[in-house]
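K.L.:
got a sequence here, can you build the structure:
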Amino acid sequence: MEVVVWSAWIAGIAMGLFVIFHFWLMGKPAGCSTGYGNFCGMMFKNVEYFRTGEYKNINNSRLWFLLGIPIGGLISALGSPEPWHFSFDMGMYNDILPQTLAGKAIWLIFGGALLGFGARLAGACTTGHALVGGAMLNPPSLLAGAVFFMSAFFTTHLLFGT
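P.N.:
As a prediction, the model looks like this:
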């Protein structure tokens with residue numbers, strides 16, 4: 001069965017339109033890490049690190065945005081002509097990750113926790129800084145986006161030598 005892949009420029013236009021419409025409809029920029037922080041604030045009410053002021057209200061747009069990411073992925077997978085299955089196959093990363101399923105899970109959870117901590121420390125995630133902040137020409141966001149991409153480039157070079 002042939003897999004149809006959309007052009008990258010279509011996704012770029014769609015993301016740009018999403019950023020504009022989200023700001024227009026909600027009156028605030030889109031971002032995932034704030035929603036994740038709000039969720040953690042609801043789960044760990046006594047931990048000061050997660051308090052953002054919005055965490056008490058379950059009916060805020062950032063939490064629904066965060067919830068929509070896995071739901072959108074599930075809908076996309078269910079609508080795919082190819083059957084999907086749960087897999088720990090990480091493609092090119094199989095060469096550098098542990099080979100056991102437990103080892104991969106621990107490594108990925110640790111990496112996700114570091115990513116969440118870094119997003120909280122930077123005040124937003126890559127979506128918030130590079131996509132939304134870049135679209136608004138916010139200088140700290142442009143700098144953060146450049147640092148994110150340079151870090152990814154150097155990390156990939158160190159891990160794979162390409």
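K.L.:
isn't Phe23 up against Gly16?
P.N.:
No: under the criterion of Cβ atoms under 8 Å, Phe23 makes no contact with Gly16, lying 11.3 Å away. All C-beta spots, glycine's among them, are computed from the backbone N, C-alpha and C.
K.L.:
any buried residues in stretch 114-130, and which?
P.N.:
Buried positions in stretch 114-130, judged by neighbour count with 16 or more other Cβ atoms under 10 Å: 116, 119-120, 122, 124-130.
K.L.:
return the subset of those lying in helices.
P.N.:
116, 119-120, 122, 126 (DSSP state H).
K.L.:
greatest separation within those: which pair is it?
P.N.:
Arg120 and Thr126 (13.0 Å; Cβ to Cβ).
K.L.:
okay, and the common contacts of these two?
P.N.:
Applying Cβ atoms under 8 Å, 6 or more residues apart in numbering, one finds that no residue jointly contacts Arg120 and Thr126.
K.L.:
closest one to Tyr93 out of the buried residues of stretch 114-130, please.
P.N.:
Thr126 (18.4 Å).
K.L.:
skipping adjacent residues, who's closest to the closest one in space?
P.N.:
The spatial neighbour of Thr126 that comes closest, neighbours along the chain excluded (Cβ to Cβ, 6 or more residues apart in numbering), is Phe148 at 5.2 Å.
K.L.:
pull the number of nearby residues for that neighbour.
P.N.:
Close neighbours of Phe148, defined as other Cβ atoms under 10 Å, add up to 17.
K.L.:
and for the one 4 residues further on?
P.N.:
When neighbours are defined as other Cβ under 10 Å, Ala152 has 11 of them.
K.L.:
check it and give its pLDDT.
P.N.:
In this model, Ala152 is scored at 85, pLDDT.
K.L.:
repeat that for Ser87.
P.N.:
Ser87 is given a pLDDT of 74.
K.L.:
the one 5 residues further on now?
P.N.:
As predicted, Met92 sits at a pLDDT of 79.
K.L.:
that one contacts Phe160, doesn't it?
P.N.:
Yes: between Met92 and Phe160 there is a contact under Cβ under 8 Å: 7.1 Å.
K.L.:
quick one on the thing from earlier: Phe23 and Gly16 - which one has more neighbours?
P.N.:
Remark: of Phe23 and Gly16, Phe23 carries more neighbours, 15 against 12, as counted by other Cβ under 10 Å.
K.L.:
ok, that one to Cys125 distance?
P.N.:
Distance, Phe23 to Cys125, by Cβ to Cβ, to the nearest Å: 16 Å.
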